[in-house]
Every structure is written in structure tokens, then in C-alpha cells.
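# For reference, the sequence and a predicted model appear below.
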Amino acid sequence: MKLECLHSLYSISPPWNLSLGSELTKSSSKVLKHVEKGVTCCLKSKKTSVEDEKQGVGSTTKKKTRIIDLKVSPHRAVSAVRLMRIEYGGAFADLLNKKGKGSRANEMGYVERTLGFRTRKLDDRDLRLVTDVVGGAIRWRRYLDHLIVSLCNDESTFRSMEPLLLQILRIGFYEILKLDMPPYAVVDENVRLAKVALRPGAGNMVNGILRRLVVLKENDSLPLPKVEGNDRMQARALATLYSHPVWMVRRWIKYIGIEDAISLMMWNNSDPSFSLRANTAKGFARSDLVKRLEKLQNVIQAGLLKEGLCSVQDESTGLVVSVVDPQPGDTIIDCCAAPGGKTLFMASRLRHQGMVCAVDINEGRLRILEETAKLHEVDDVISTVHADVRIYAEKNTVKYDKVLLDAPCSGLGVLSKRADLRWNRRLEDMEQLKNLQDQLLDASSNLVKPGGILVYSTCSIDPGENEERVAAFLQRHTEFRIDSASGYVPSDFVTESGFCSTSPVKHAVDGSFAARLLRSL
Ligand SMILES: C[S@@+](CC[C@H](N)C(=O)[O-])C[C@H]1O[C@@H](n2cnc3c(N)ncnc32)[C@H](O)[C@@H]1O
């Protein structure tokens, strides 16, 4: 099942359930009301029931003889393999979920090929645990590894550890420290996994390390760093305690101060929540969505996503569309459109009058946008262009009422949804991204009619990608000025400079930024 989110396609493989608007925080409820006069409601986290995802030994035993180990807990075996795939396969966790769905029937086969045996099939509870354990072990990696190193005899033992053994230890540490599972059961289960998947000696090692951990936890004497010393030392300690790269922590301390940096990291480490947008283009209102979900409780079972009656869309994304303020009859160009979350929302607001031209350099993602537009019945107002917008803007003579540049960015505002993103971003990326953002801004501005609007948005909370890019752009393009977002979104989200900005710390939603820039006549 394909769903648009900020940057990636999600497969909502269903360990998620629905919680209606009442469970939203105060501020996010406010956003929801605004986003489209109540067309959204909130899909809270993933720790709930799942649709039938039967798999495993039963269906395949006829083909060939399988090695089945019924004693190894299936959620740990699958989690270990998924963690291996994420870390060493270079895959994103979210994409992996997508792959996982397509290949779910084969996942136990994959486990078998990786570990050399199969477990019993996963039930609903196992699937929820896999989601929790995999997401948590990725988010908390730095913290867990710090403790694992501390409990190994020496650092070289850690450095030379087999990858699978390391994943098993991370799972055990996470389950004991963050999921508060009964410690000796966790020890026994992970020891068994290590013995069966690797060898008896690996099991003994897991046993020794996990038992030491249990004692340290019980005595409240985990070897964790203290936040003291100079700025650099404090940042390092916080990076370990809250499991983020040091460069991010240093940057946040500089921009938002130590307290908010800690709150931000806690948000990033929490379970993500997801929102739904009712697709009014199909005549489906928020009240319809709520009614259907109250009855069926589970958005996947309700089939609403498959039918194109709603889509997963964060509140912050909705605010960006509000800043563009699409009106029936408008001509709009979305310069970095795929996979189309904002394009589709803008198109639904046109009420079948006007047009959105969706440009993207990535052909595959653009195809997904086209398919979803058909499903949502907004394809009559959407045309797609596969191009580098920098080249397209040079050649194209058509100008638009409204231009949206939802620029490629660091994604630092959406780290709670992208468990592994923090480990894939480097400080050097920021400079490259800023250069690209400047180029894309220059190109997009060329497509704006005199008197038209250019909206620059990111899902970053980094001033270098946001306010600083706009300031630099306005210096290069004196024909543009800031048009305050205050007329388009609630004042709580409008900065002193007139930008729309959401912050996980302040608003308990994903971080995002949008600047509305007016071109003079
Ligand atoms: C932040 S994502 C866009 C998300 C999208 N607006 C949505 O709401 O679903 C950035 C997009 O920019 C595209 N992109 C990057 N460089 C580009 C370029 N030079 N020209 C056009 N698209 C580009 C990427 O392929 C990616 O799909």
C-alpha cells in the first residue's frame, strides 16, 4: 500500500492503529482544525493490532525440508535480521517496512537464509514487538553501543564483534533498558538466539554481558557519561545519553539551547504519530473518516487508504499547503513534487478548477505520484514533468500564480519518523544541501508570475536551510519580499519574520518551515 509522507513512501504494514483527534496534544489539535477545516485526524503510533500477516512454516514446508527452531522467539530472530539489513544493506527503516510488506510472505525465508533456521510464525504481538525493537534499537544505537562497549572486556572485543552478535546484544540491551521486559527472560531468549544462529560460545558471551547489565541496572549504576566539562564534552555526553550524532547535538545547543535540544532529542526518540487527511476531492469529509474509523477502529482494515479516501499526511505538511493557499482556478507548479503529498493536497483544494504541474527529477517517485493522483481522483488537475527543475525553469516560458519549492533537505525536523536518518546524515551534507537549495530557489523564482507567490519549504528545523536561505535569496532577488504567513496559518506557527515554522519541542508535531514570498508586479 503506498502512502505519501514527507520524503518517503511508506508501506503502512499495519502494526498501527487509529486514535482520533481527542488524543492529539492541544497544539496539534489546533493544527488539525486548521489544516482543512477538520479533514484530518490522528493515527497514533504503531503499538496496536495488525491485519493478518500470516507467514512462516505452514505454507512452505511442502517445498523443501526446513530447519525449524520453535524455541527461538520469532520477534527476536526477525528483528536481528531486519537490523542487519538496515545497517549493512544500506536500506532505510521505512523502505524496509515497504519491502517487508511486499516480501512479508518471504520474510521468514529471508530469516532462514540469514540465520540458517526458521522460527514459528509471527503473531500480532510478535509483529508489534518487531516494530518496537527494530525502531528502538536503531534510535538508541549510540546509547546501547556505549553500554555494550563498557561491558565488554575491552574496546577491541566490541570492534571485532560479529555483526549479528552485536545486533543480538543491542536487542537484549534495548529490551532490558528501554522496554523494561523481565530481564532474565530477555537474557535466556537472546542467549538461545545467539547459540542457534551463531554458536554456543556466542551464547555464552551474550549471557555474560547481559547478566552484568541486569545487575548494573538493578543497582542503578549503569556506566553512563556525566554532562560536565567544556561545551564539546557536554555535547558528547548528551549525544550518548540521548543517542544522536555529536554534530547534531552541538548544532542544536547552539541554535535552541541545551534544554530544548534535550526535549528535541526526546521527541526524536519517542514513537512517531501519524495523521490522516480525508480526501475531500472524493467527497469524503473528516466526519466520514471519523465515522468509518470509529466503527472499524483500524484504518488498514477499513481499506480507506487503498480506496484513496484518505492519505497519511503530517499536520506540518498541511500547514505548508495552507501557506500556498491554493484556490480554485489557480495555476500552480510544485517544483520538487514527488512522491506527491503536497501536490495531491493542493490539487484537492482546487476543486477540479485550475492545475498543478508536478515536477521532479526522480522518475520512479513521479510515477507513484501519478498513480496516487488517479486513485485520489485529482488527476484531472495534475500534470507531471520529469525534469531537473533548474533546467526546466530556464527553458520554460510559462509563469504560474503560485510556485511551491519543497526543497530536498536534511530532514532534521522528521527524525522521530525516520529512525535511521540521524545516522545517515553528516555535517558535510548541510553545505551541499544549502548550495542545492539556493540553486533550486533561483530556478523556481523564475517560474513565478509578476504578483505571484513563491513558497519555499523544508522539513528541517535548521536555520541554515530555512531563514538563512530565504535571507540570501532576498538579497539576490530584490523583486521578492516576504508575505507574512499570518493570514494563512494560526499565529502560534508564525515567526516574528512572518515565516510558518513548526517545532517538535513547541508544537509536538514534525519540524517544518515555509516562507511565503511575493513577487512584485
Ligand atoms: C522533500 S522531497 C519532496 C516531497 C514532496 N513535495 C511531497 O510532499 O511529497 C524533495 C524532492 O525533490 C526532488 N528533487 C531533488 N532535486 C531536484 C531537482 N534538481 N529538480 C527537481 N526535483 C528535484 C527529489 O527527487 C525529491 O522527490
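Right, received. Where do you want to start?
# Now the residue of the stretch 101-250 of the chain at minimum distance from the ligand. Nearest residue, chain neighbours left out?
The ligand sits closest to M248 of the stretch 101-250 of the chain, with a gap of 19.1 Å, by CB to the nearest ligand atom. Placement of C-beta: from N, CA and C, glycine included. Sequence neighbours aside, R422 is the residue nearest to M248 in space, at 6.6 Å (criterion: CB to CB, 6 or more residues apart in numbering).
# you'd agree the one you found is up against Y242?
No: contact status for R422 versus Y242: not in contact, 10.4 Å apart, counting by CB atoms under 8 Å.
# can you pull the contacts of the residue of the stretch 101-250 of the chain closest to the ligand?
By CB atoms under 8 Å, 6 or more residues apart in numbering, M248 lies in contact with A239, L412, R422, R425.
# can you pull the contacts of the third one?
What that stands for is R422. R139, H244, P245, M248, N268, L415.
# Next, format those as JSON lines and append secondary structure, distance to R476 and pLDDT.
Supplementary listing: those in JSON lines, determined by DSSP: H, G, I helix; E, B strand; the rest coil; distance: CB to CB, whole Å; pLDDT from 0 to 100:
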{"residue": "R139", "secondary structure": "helix", "distance to R476": "39", "pLDDT": "97"}
{"residue": "H244", "secondary structure": "coil", "distance to R476": "34", "pLDDT": "98"}
{"residue": "P245", "secondary structure": "coil", "distance to R476": "32", "pLDDT": "98"}
{"residue": "M248", "secondary structure": "helix", "distance to R476": "29", "pLDDT": "98"}
{"residue": "N268", "secondary structure": "helix", "distance to R476": "34", "pLDDT": "96"}
{"residue": "L415", "secondary structure": "coil", "distance to R476": "31", "pLDDT": "96"}
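# what about S160, how many neighbours?
8 (other CB atoms under 10 Å).
# From A419, how far off is it?
Separation of S160 from A419 (CB to CB, to the nearest Å) stands at 26 Å.
# P182 now?
25 Å.
# With neighbour numbers in mind, choose between those two.
More neighbours surround A419 than the other of P182 and A419, with 23 against 10 (other CB under 10 Å).
# Up against the ligand, what does the stretch 351-500 of the chain have?
Residues of the stretch 351-500 of the chain found near the ligand (CB under 6 Å from any ligand atom) are V359, D360, I361, N362, R365, D388, V389, R390, D406, P408.
# Show the buried residues in those residues.
With burial judged by 16 or more other CB atoms under 10 Å, the buried subset of these is V359, D360, I361, R365, V389, R390, D406, P408.
# farthest-separated two in those residues?
R365 and R390 (17.5 Å; CB to CB).
# so what's G136 closest to, chain neighbours aside?
Per CB to CB, 6+ apart, closest to G136 is Y174, 5.0 Å.
# what helix or strand does that neighbour sit in?
Using DSSP states H and E, Y174 maps to helix 163-177.
# now do S275
strand 274-278.
# If you count contacts, what does that strand end up packed against?
The contact analysis (3 or more CB pairs under 8 Å, 6 or more residues apart in numbering; DSSP states H and E) places strand 274-278 against strand 40-43, helix 286-296, strand 310-312, helix 315-324.
# Next, the angle from it to helix 315-324.
Here strand 274-278 runs at an angle of 40 degrees relative to helix 315-324 (axes from the mean of the first three to the mean of the last three CA atoms, to 10 degrees).
# quick check, strand 274-278 touching the ligand?
No: with CB under 6 Å from any ligand atom as the criterion, the ligand is not reached by strand 274-278; the gap is at least 11.8 Å.
# strands paired with that strand, and their directions?
strand 40-43 (antiparallel), strand 310-312 (antiparallel) (DSSP bridges).
# lowest-confidence stretch among the ones you listed?
Least confident of those, judged by mean pLDDT, is strand 40-43 with a mean of 36.
# residue ranges with poor pLDDT in the stretch 1-150 of the chain?
Scanning the stretch 1-150 of the chain for pLDDT under 70 picks out 1-66, 68-70, 90-107.
# ok, now with 50
Where the stretch 1-150 of the chain drops to pLDDT under 50, the residues are 1-65, 91-103.
# same deal with the stretch 201-350 of the chain?
In the stretch 201-350 of the chain, residues with pLDDT under 50: 296.
# Show me the helices in it, by range?
For the stretch 201-350 of the chain, the helices defined by DSSP state H, counting those that start in this stretch occupy 231-241, 246-269, 286-296, 299-302, 315-324, 341-349.
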